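fold the following.
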Amino acid sequence: MLNVQELKEIIRALDQSSIQTFQLKQGSFKITLEKAATHTDLNKGIEEHSFKVAETKPSISVEEKVQVSNDQPKENNTSVPSENEVDIHFVHSPMVGTFYTSPDPGADNFVKVGDQISEDTVVCIIEAMKLFNEIEAEASGEVVEILAENGQLVEYGQPLLKVRKR
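Take a look at the predicted model:
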């Protein structure tokens, strides 16, 4: 179970990202955070977000208001590809971290556009908190597009690769 400081850090990270919903499950513990813009005061440059936190056992609901200064423009160069394309599978990031296309600097990339891959093919690494996590394709087919750049910070659920299924 999370302590208050860990929960506050997650809320801060969610608020600073473009992610709208975050869900964490640990055994019987489940937490869901949903970000919804409730009010924008353009004169003061302040945006309020409402977060709901719920735990499965016992059922608890907590609301916390967070104010964020809009002094710094938020960069959002994450393109949202259409997932309605026929026979296309998107490999999504299972976590927030740094995206790497190869196991080591200077080494060959795991995959490149045009490669034929299987479900268990490692397509990239996501580094999170000094842990390197190999990400598998989860679908067989041809790599059509690599949507993230080497060394780029990626968010949970962000599309990383586009694969045309066989």
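
thought Trp151 was touching Pro105?
Slight slip there: residue 151 is Gly, not Trp. No. Under the criterion of Cβ atoms under 8 Å, Gly151 lies out of contact with Pro105, with a separation of 9.6 Å. All C-beta spots, glycine's among them, are computed from the backbone N, C-alpha and C.

domain parsing for this structure?
4-69, 88-165 (automatic domain parsing).

who's more crowded, Gly151 and Pro105?
Taking Gly151 and Pro105 together and counting by other Cβ atoms under 10 Å, Gly151 has the greater number of neighbours (11 against 8).

contacting residues for the more buried one?
Residues in contact with Gly151, defined by Cβ atoms under 8 Å, 6 or more residues apart in numbering, are Thr98, Phe99, Tyr100.

I'd like the next helix or strand past the helix or strand of the chain with the lowest mean pLDDT.
Within the chain, confidence by mean pLDDT, DSSP states H and E is lowest for strand 60-69 among all helices and strands, at a mean of 43. Using DSSP states H and E, the helix or strand that follows strand 60-69 towards the C-terminus is strand 88-92.

show me what secondary structure element comes after that next one.
Remark: after strand 88-92, the chain's next helix or strand is strand 97-100, criterion DSSP H and E.

contacts for that next one next, please.
Among residues not part of strand 97-100, those counted as contacts by Cβ under 8 Å, 6+ apart are 93, 124-129, 132-133, 148-154, 160.

just the ones in helices from these, please.
Using DSSP state H, the subset of these located in helices is empty.

of these, buried ones?
Among the contacts of strand 97-100, those that count as buried by neighbour count (16 or more other Cβ atoms under 10 Å) are Ser93, Cys124, Ile125, Ile126, Ala148, Val154, Leu160.

tell me how far the closest residue to the fifth one other than its chain neighbours lies from Arg166.
Nearest in space to Ala148, with sequence neighbours left out and distances taken as Cβ to Cβ, 6 or more residues apart in numbering, is Phe99 at 4.4 Å. To Arg166, Phe99 is 25 Å away according to Cβ to Cβ, to the nearest Å.

next: Glu6.
From Glu6 across to Arg166, the span is 42 Å (Cβ to Cβ).

ok, now which ones touch the nearest residue to Ser118 once chain neighbours are set aside?
With Cβ to Cβ, 6+ apart as the measure, Ser140 is the residue that lies nearest to Ser118, at 4.9 Å, once sequence neighbours are left out. Neighbouring residues of Ser140 by Cβ under 8 Å, 6+ apart: Ile117, Ser118, Glu119, Lys165, Arg166.
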